[in-house]
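> I'll drop the sequence and a predicted model, then ask my questions.
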Amino acid sequence: MTNLMQAVVLNAPGPPEALTLQTRPVPVPAPGWVLIRVRAFGLNQSELHLRLGVAENAAFPIIPGIEAVGVVTDCPGGEFQAGQQVATMMGGMSRQFDGGYAEYTCVPAGQVIPFRSDLDWATLGAIPEMLQTAHGSLTVGLNAQAGQTLLIRGGTSSVGLTAALLAKQRGLTVLSTTRSPHKAAVLEALGVDHVLSDNGTVAQQVRALFPEGVHGAIELVGTPTLPDTLRSVGLHGTVCFTGMLSNEWTVKEFYPIGYLPRGVRLTAYSGEATDLLAPVLQQFLDDVARGQIQVPIARTYPMTQIVEAHRTLEAGAHSGKLVVVLPEDQGD
């Protein structure tokens with residue numbers, strides 16, 4: 001193994017071209033840390049926020065990336081074995097220490113999740129963060145139960161698509177929104193029960209279908225659509241604020257009595273790797289392998305095309321996950 005690697009480095013916030021491919025030393029793990037040879041990583045809104053300079057607790061220069069999948073190369077504490085397939089996410093990646101946009105990433109053992117799968121790396125790379133976020137929103141955020149109705153605002157995002165898949169597995173009736181009529185077919189193919197046009201009047205459309213409102217909602221667009229989402233939920237229902245596709249996440253001059261509909265609860269979900277238990281990840285991967293779940297991948301890229309990948313991420317016209325895949329022989 002060489003002691004040098006290729007990594008995408010962000011020296012300061014800027015346009016997609018601010019992401020540059022550089023040669024860096026391969027990190028050396030201390031006890032309690034794990035060196036992972038990265039095989040693929042998904043692109044996330046969090047990394048767009050980092051590049052745009054609106055992320056909190058960011059320090060530069062840094063290797064972006066809040067998730068990655070690959071194989072263990074070195075683990076001096078013995079928590080994992082060399083060659084073991086693993087996923088990692090969050091926990092300070094791309095903020096307090098370098099992230100997954102590289103041939104190798106070094107992370108605390110506590111945020112490493114083992115799995116076994118013969119799925120291709122592009123598919124594996126698309127899953128960890130969007131599964132953790134979707135699963136956490138449904139379980140921690142909403143405590144969603146079979147027979148309930150669920151609105152997903154921002155339904156064609158990767159998290160929105162995964163939340164719809166999981167919700168249908170759990171026996172919920174799912175309503176998902178999209179701003180683009182041509183994306184409706186994507187949602188229908190996943191089994192979404194009602195596709196709604198996000199023209200700013202989603203609450204009206206929801207109430208036309210369910211006059212008492214839905215039981216729960218996942219807000220993935222951000223604060224611009226949050227009031228309308230709150231009006232879509234019925235008495236004692238819950239809205240889980242999970243995503244910020246709009247890049248707007250604060251409510252100015254928040255007056256609770258005027259902002260929140262009577263009897264509607266507002267919560268939020270921001271998870272960590274520990275929220276995605278290994279059995280949950282393994283079950284999802286096995287379901288994908290059996291053809292019971294289709295992973296929503298919009299497009300894959302080599303790491304040399306990270307600038308183009310971020311242009312696509314920022315444009316937001318895609319449906320599903322953008323994934324960077326590293327060649328099998330890269331980094332040897």
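Now that the structure is in, tell me what you want to look at.

> Count residues in the vicinity of residue 22, would you?
Counted with other CB atoms under 10 Å, residues neighbouring residue 22 total 13. (C-beta placed from N, C-alpha, C; glycine too.)

> which residues does it contact?
Residue 22 is in contact with 6, 7, 8, 9, counting by CB atoms under 8 Å, 6 or more residues apart in numbering.

> per-residue confidence averaged over the helix or strand containing it?
Per DSSP states H and E, residue 22 falls inside strand 19-25. Mean pLDDT, strand 19-25: 98.

> helix or strand right after it?
Once the chain leaves strand 19-25, the next helix or strand it forms, by DSSP H and E, is strand 33-42.

> what lines up beside that following strand in the sheet?
Within its sheet, and counting by DSSP bridges, strand 33-42 is paired with strand 67-74 (antiparallel), strand 104-108 (antiparallel), strand 321-325 (antiparallel).

> For that strand, buried residues please.
Neighbour counts over strand 33-42 (16 or more other CB atoms under 10 Å) mark 33, 34, 35, 36, 37, 38, 39, 40, 41, 42 as buried.

> And stretch 246-257, by the same measure?
So stretch 246-257, judged by 16+ other CB under 10 Å, has buried residues residue 246.

> Between its first and last residues, how far does it reach?
25 Å (CA to CA, to the nearest Å).

> I'd say residue 288 and residue 122 touch.
No: Residue 288 lies out of contact with residue 122 (CB atoms under 8 Å); the separation is 11.9 Å.

> Would you confirm that residue 156 contacts residue 181?
No: using CB under 8 Å, residue 156 is not in contact with residue 181; the gap is 11.2 Å.

> neighbour count winner among the two?
Set side by side, residue 156 and residue 181 show more neighbours around residue 156, with 30 against 9, by other CB under 10 Å.

> Need the per-residue pLDDT for the more buried one.
Here, the pLDDT recorded for residue 156 equals 92.

> how far is stretch 301-312 from where the chain is centred?
Relative to the chain's own centre, stretch 301-312 is displaced by 17 Å; criterion: CA atoms, centre = their mean, to the nearest Å.

> how about it: buried residues?
So stretch 301-312, judged by 16+ other CB under 10 Å, has buried residues 301, 303, 306, 307, 309, 310, 312.

> Next step: those residues restricted to helices.
Of those, the ones assigned to helices by DSSP state H are 306, 307, 309, 310, 312.

> just the residues you listed now: which is nearest residue 2?
Taking CB to CB as the measure, residue 2 lies nearest residue 306 of those, at 20.7 Å.

> Give me the pLDDT for that closest one.
Looking at residue 306, its pLDDT reads 98.

> swap in residue 270?
Looking at residue 270, its pLDDT reads 89.

> I'd assumed it was in a helix, is it?
No: going by DSSP: H, G, I helix; E, B strand; the rest coil, the assignment for residue 270 is coil, not a helix.

> how close does it get to residue 230?
To residue 230, residue 270 is 19 Å away according to CB to CB, to the nearest Å.

> Kindly report the same for residue 38.
Distance, residue 38 to residue 230, by CB to CB: 40 Å.

> Likewise for residue 71?
Distance, residue 71 to residue 230, by CB to CB: 44 Å.

> rewinding a little: more neighbours: which of residue 270 and residue 230?
Neighbour count, other CB under 10 Å: between residue 270 and residue 230, residue 230 has more, with 21 against 13.
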